[in-house]
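Participant: got a sequence here, can you build the structure:
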Amino acid sequence: MATLNINGKDVQVDVDDSTPILWALRDTLGMTGTKFGCGAALCGACTVHMNGAAIRSCVTPIAAAAGQKITTIEAVTAERVGKAVHEAWVKIDVAQCGYCQSGQIMSATALLQANPRPSDADIDAAMAGNICRCGTYARIRGAIKDAAASLA
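Facilitator: Numbers count the residues shown, from 1 in each chain. Coordinates of the predicted model:
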């Protein structure tokens, strides 16, 4: 049994300490906004925030989350930056199939929290681990720039 702080609330999960955070979220807590993509931290679909930093929940064990603050896509809009990113995603019409979008939004939000005025190179570096099979990369970059401008 582990106690995790997820989206500002302490929750108990009855899983082995080596269980990836992704499976505690999806299978134990029913929070299906965070997606399973590759299981090897290569695609970014499982991205959540741990203490504000983007992490891959498919390879991060529950043991690493003890005492940390986890934020998922379900709560990212509760914060100013997450709300701006979400609004920009809708405005720019980023999503096609939508499968990768929760991970994309989580990575973009972490980027703008750390760097409110990112260059194209900064955006590329922060988003490099997030794969979009639909190829919406230009719209993703545009949405990140739009969110940064709205926050300025």
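Participant: excluding its backbone neighbours, what's nearest residue 50?
Facilitator: Distance criterion C-beta to C-beta, 6 or more residues apart in numbering; nearest residue to residue 50, sequence neighbours excluded, is residue 68 at 5.0 Å. Where C-beta positions appear, they are placed from N, C-alpha and C, glycine not excepted.
Participant: give me the neighbour count for the one you found.
Facilitator: Residues contacting residue 68 under the criterion other C-beta atoms under 10 Å number 16.
Participant: give the contact list for it.
Facilitator: Neighbouring residues of residue 68 by C-beta atoms under 8 Å, 6 or more residues apart in numbering: 4-5, 50-51.
Participant: please, a ChimeraX command that selects the buried ones among the residues you listed?
Facilitator: Applying 16 or more other C-beta atoms under 10 Å to these leaves a buried subset, and the ChimeraX line that selects it is:
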select :4,5,50
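Participant: out of the contacts of residue 68, which one has the lowest pLDDT?
Facilitator: pLDDT across the contacts of residue 68 is lowest for residue 4, at 94.
Participant: what strands flank the helix or strand encompassing it, and is each parallel or antiparallel?
Facilitator: Assessed by DSSP states H and E, residue 4 sits inside strand 2-6. Here strand 2-6 has these sheet partners by DSSP bridges: strand 9-13 (antiparallel), strand 69-71 (parallel).
Participant: could you dump those strands into TSV and include distance to residue 103?
Facilitator: Output for the strands paired with strand 2-6, formatted as TSV (distance: least, C-beta to C-beta, whole Å):
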stretch	distance to residue 103
strand 9-13	21
strand 69-71	13
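Participant: quickly compare those strands and say which is most buried.
Facilitator: strand 69-71 (a mean of 20; mean count of other C-beta atoms under 10 Å).
Participant: show residues contacting the helix or strand following that one.
Facilitator: With elements assigned by DSSP H and E, the helix or strand that comes after strand 69-71 is helix 80-92. Applying C-beta under 8 Å, 6+ apart, the contact partners of helix 80-92 are 71, 75-77, 95, 101, 105, 108-109, 112-113, 139, 142-144, 146-147, 150-151.
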